[in-house]
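Participant: give me the fold of what follows.
(chains A and B)
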Amino acid sequence: MAVQHPFIVCDPDKCVGCQMCELICSATKHGEFMPLLSRVRNVRIYPITMMSVACRLCEDPPCVTACPRQALSQSEETGIIMVDKELCNGCGWCIEACDFGAIALNPAEKVVEICDLCQDQEEPQCVKFCLKEALSLSTPDQVAQRARREAVAKLLEELLSS
Amino acid sequence: MFAYAGKILHIDLTNQKTRVERVGEDFLKKYVGGVCLAARLAYDNTPKGADPLSPENALCLATGAFCGTIVPVGNKYSIATKSPLTGFIGDCLSSSYFAASIKRAGYDGIAIKGKAERPIYLFIDDDIVQFRDASGLWGMETWQTEEAIRSEIGDETVRVASAGPAGEKLVLFANVTNDRQRQAGRTGPGAVMGSKNLKAIAIRGTQPIPVADLEGLSKACLELSQTAQGTKTEKYRILGTPSNVLTLNRLGILPTRNFQQGVFEAAEKISGEYMHEHYTDKAVSCAGCPIACEQNVTVKEGAYAGTRTSIDYESLFANGSLCGIDYFPGIIKAIELCDRYGMDTMSTGVTVAWAMECFERGILTKEDFDGLEPYFGNHEAATALIEKIARREGIGDLLAQGVKRASEKVGKGSKHFAMHAKGLEMCGYDPRGLQTFALGCAVGTRGPCHNRSLAYEPDVRGEVDRFKAEPGRGHVAKDAEEFAAILDTMMFCKFIRGCFKDLYADSARLYTLTTGIEITPEEIKKLGERAWNLKKAFNIREGWTKDDDWLPPRFLKDPIPEGTSKGCVVKPKDLRMMIDAYYQARGWTPEGLIPKEKLIELGLEDIAEDIGV
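Facilitator: Alright, predicted model coming up:
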């Protein structure tokens, strides 16, 4: 059975567009607050559509395939995409290859940065700092399980109270 | 420097020149940011006696110390200028991504003077400032302006603050809109932009912001943000400020039909509860806000189907109960029009309500209104009037000047019910049933303002007897003003104010964690007093006298006819007594002027020389 790796998932109904995730990510990785240095990005389409996006740990990742210098590789254990900073020259091919826009170039260092689920922290910091609990570290199946549970609970609540 | 940029950007629109003024920690610790810093910039850059719509008037923006960091509700900016509506200080507040961009571009404040030869917009791209042609944007609504500029520059991280068509036409209560749904709303900053041929300010800020103690600050901010999910913010998160409608109706102080009543018989139909059930889509946030109070609504059916905007109480009362309108979609439409054209919803609603009363009393006729019949409750006429005001067409040209000027021109007793103080239209709490707030409205530096005064709180909460006028209210009003001024200077959104254990100690701690600058709770208290006196000094310099601190005739002569506050009125001798007590509490002279020693005590030595007595 194929293993599903958990990644940063955002519930767009709960997301309020505060961008705290971007701030804490850049602070965790770079010690400063700057959304352009964040590996998770909040997208806001006015008036009320908002959601954060980070690397989804694709199976057979297009970014890894695209890199002309083999600077990217995927961990078998966690599924995260690892960037070899010595090999990466900031060409941006992987940024174009990613369907989700989840890769960004660090403008000062000219290498790409990709969400690594805060490997060197206790837990993903964006999840910790999301006050609306929109962000979670989940697999797609876990998201589906939660959705089913909520839908059934809601339906039965309506039936029970009628 | 941590958090602060240490720079003020000066822009001369006439000569298309810019200059960066370096400011040090002493300066920044003294003024901190927000309203205090913006007022300082306005005082320094707008010459005494300047015509607010002339090139001489400076439009000054200032961010808070926390802008662009993880401090919750800290992404705010203040605008201060000489108000074209009042002739006194026009200070306003707005929030969200645009505020953070100012800091990220490398500035703590921006002072804009002069007038461009042709319509332009500014593009502040970190340290490069461009003066770009806005001829294609002139006439564009606020939301489209933003999208057009982002599209032209080709970067969605660009943030925009703009004057709408109303600002271009110099509607005296035109606002400044940023990030689509946020406004620096009151006192007419949009008209100041319009008078400068300045359509918009676009900013791209890419500089990371370091703080002094990242770990300590992150931990403190997480705690504060978690508290902000609790009971102290429940009102804002669930129904939003529209929950005030039924609360104030119960207290008999919901402004109705131009303050003729304090109870609206249809309050249920325009309540927060009703809105939530029928129109609310979602409550969203400003940048960096863990509360999420912005109540977004959609009208799904009827004549106004498809109308979308966000609703707060002050917009709701002014275009709802104040105009006798109980048809919620009509109110949503009125607010949406104000948002698109870039006008203060409050001043607009109060002006429309005045016009309605003029119509009902026969002071203005159907002919004056170009065929409209704006009786109270006529939402179609109200929305038609709003369009006229935004375009300054027909009677809109008169109404676009605000109720003070309109009633002076029309006369025939209409001044009695022109609901303003100092030229700024009233806000949504009837001061006849809130005696401390009556004082707060009369002495407010930008006019009658719940937001700057906060003196309605002790009244509404029952901490004092709201029906009684006493000298002690002088101190109560002063303390409330300074509490508000501190929030507006640090800056914090006021909706988090219940989450602090002690505003002075908590904000001092957050300030030091962020900036590395040591500050004590006592110094924070002084900051509130400094901010208020600075604004007051601006007014004195521009010709304020004691006579300007007063209330409109209706509040002094017409008692509230029914409800929980039946019979309430503000007696002139009571108001005089409370104002005198307030001047005393403030350490001012009986004429309301500021002694030199007081200004020197507050570190405002140069201002002491200018206007101290």
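Participant: going forward, measure contacts and count neighbours with C-alpha atoms only.
Facilitator: Will do.
Participant: distance of B:W544 from B:G603?
Facilitator: Noted for B:W544: a distance of 22 Å to B:G603, by C-alpha to C-alpha, to the nearest Å.
Participant: which strands or helices does whichever strand or helix holds B:A39 pack on?
Facilitator: For B:A39, the element it lies in under DSSP states H and E is helix B:34-45. Packing partners of helix B:34-45 (3 or more C-alpha pairs under 8 Å, 6 or more residues apart in numbering or on different chains; DSSP states H and E): strand B:59-63, strand B:76-82, strand B:89-95, strand B:109-113, helix B:473-490, helix B:521-541.
Participant: export the helix or strand of chain B with the lowest mean pLDDT to CSV, keeping only CA atoms.
Facilitator: Between all helices and strands in chain B, the lowest mean by mean pLDDT, DSSP states H and E belongs to helix B:234-238, at a mean of 94. Provided in CSV are the C-alpha atoms of helix B:234-238 (Å, rounded to 0.1, in the frame of the first residue of the first chain):
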residue,chain,number,x,y,z
GLU,B,234,-16.6,37.0,21.4
LYS,B,235,-18.7,40.0,20.4
TYR,B,236,-16.3,40.8,17.5
ARG,B,237,-15.8,37.2,16.3
ILE,B,238,-19.4,36.1,16.2
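Participant: quick check: mean pLDDT of the helix holding B:A39?
Facilitator: Mean pLDDT, helix B:34-45: 98.
Participant: give me the contacts around it.
Facilitator: B:31, B:57-64, B:76-82, B:89, B:91-93, B:109, B:111, B:113, B:485, B:488-491, B:530-532, B:534-535, B:538 (C-alpha atoms under 8 Å, 6 or more residues apart in numbering or on different chains).
Participant: ok, now with 7 Å
Facilitator: B:31, B:58, B:60-64, B:77-81, B:91, B:111, B:488-491, B:531, B:534-535, B:538 (C-alpha atoms under 7 Å, 6 or more residues apart in numbering or on different chains).
Participant: residue 14: what's it in contact with?
Facilitator: As the question left the chain open, I've gone with chain A. With C-alpha under 7 Å, 6+ apart, A:K14 has these contacts: A:132, A:134.
Participant: actually, chain B is the one I wanted.
Facilitator: Per C-alpha under 7 Å, 6+ apart, neighbours of B:T14: B:114-117.
Participant: one step back: which of B:W544 and B:G603 has more neighbours?
Facilitator: Using other C-alpha atoms under 10 Å in any protein chain shown, the more surrounded residue of B:W544 and B:G603 is B:W544, with 19 against 13.
Participant: nearest residue to the residue nearest to the spatial centre of chain A other than its sequence neighbours?
Facilitator: Centrality entry for chain A: nearest residue to the mean C-alpha point is A:A54, 2.1 Å, by C-alpha atoms, centre = their mean. Take A:A54 and drop its neighbours on the chain: the residue closest to it by C-alpha to C-alpha, 6 or more residues apart in numbering or on different chains is A:V40, 4.5 Å away.
Participant: residues in contact with the one you found?
Facilitator: A:21-22, A:52-54, A:115.
Participant: for it, give me the pLDDT.
Facilitator: 98.
Participant: do the same with the one 5 residues further on
Facilitator: Looking at A:I45, its pLDDT is 93.
Participant: quick check: it vs B:G342, distance?
Facilitator: With C-alpha to C-alpha as the criterion, A:I45 and B:G342 are 21 Å apart.
Participant: those two: which is more packed in?
Facilitator: B:G342 (32 against 9).
Participant: give the contact list for the residue nearest to the more buried one when sequence neighbours are not counted.
Facilitator: In this structure, B:G342 finds its nearest non-sequential neighbour in B:G164, 4.4 Å apart by C-alpha to C-alpha, 6+ apart. Listed by C-alpha under 7 Å, 6+ apart, the contact set of B:G164 reads B:140-142, B:341-342.
Participant: quick check: of the residues you listed, which lies closest to B:V160?
Facilitator: Among the contacts of B:G164, B:T142 lies closest to B:V160 (C-alpha to C-alpha), at 9.6 Å.
Participant: quick one: contacts for B:D549?
Facilitator: Contacts of B:D549 (C-alpha under 7 Å, 6+ apart): B:442-443.
Participant: burial check on B:K7, number of neighbours?
Facilitator: B:K7, neighbours per other C-alpha under 10 Å, totals 19.
Participant: one more: B:K409?
Facilitator: 12.
Participant: A:D99 is in contact with the residue nearest to the centre of chain A, correct?
Facilitator: No. Using C-alpha atoms under 7 Å, A:A54 is not in contact with A:D99, being 11.3 Å away.
Participant: all the helices of chain A, in order from the start?
Facilitator: A:20-30, A:62-66, A:93-97, A:125-129, A:140-161 (DSSP state H).
Participant: least reliable of these going by mean pLDDT?
Facilitator: helix A:140-161 (a mean of 91).
Participant: so how far is it off the chain centroid?
Facilitator: 25 Å (C-alpha atoms, centre = their mean, to the nearest Å).
Participant: then stretch A:64-77?
Facilitator: 18 Å.
Participant: hmm, who's touching that stretch?
Facilitator: With C-alpha under 7 Å, 6+ apart, stretch A:64-77 has contacts from A:80-84, A:87-88, A:93-94, A:97.
Participant: what segments of chain A are strands?
Facilitator: Using DSSP state E, the strands of chain A run over residues A:7-10, A:41-45, A:49-53, A:72-74, A:81-83, A:104-106, A:111-113, A:135-138.
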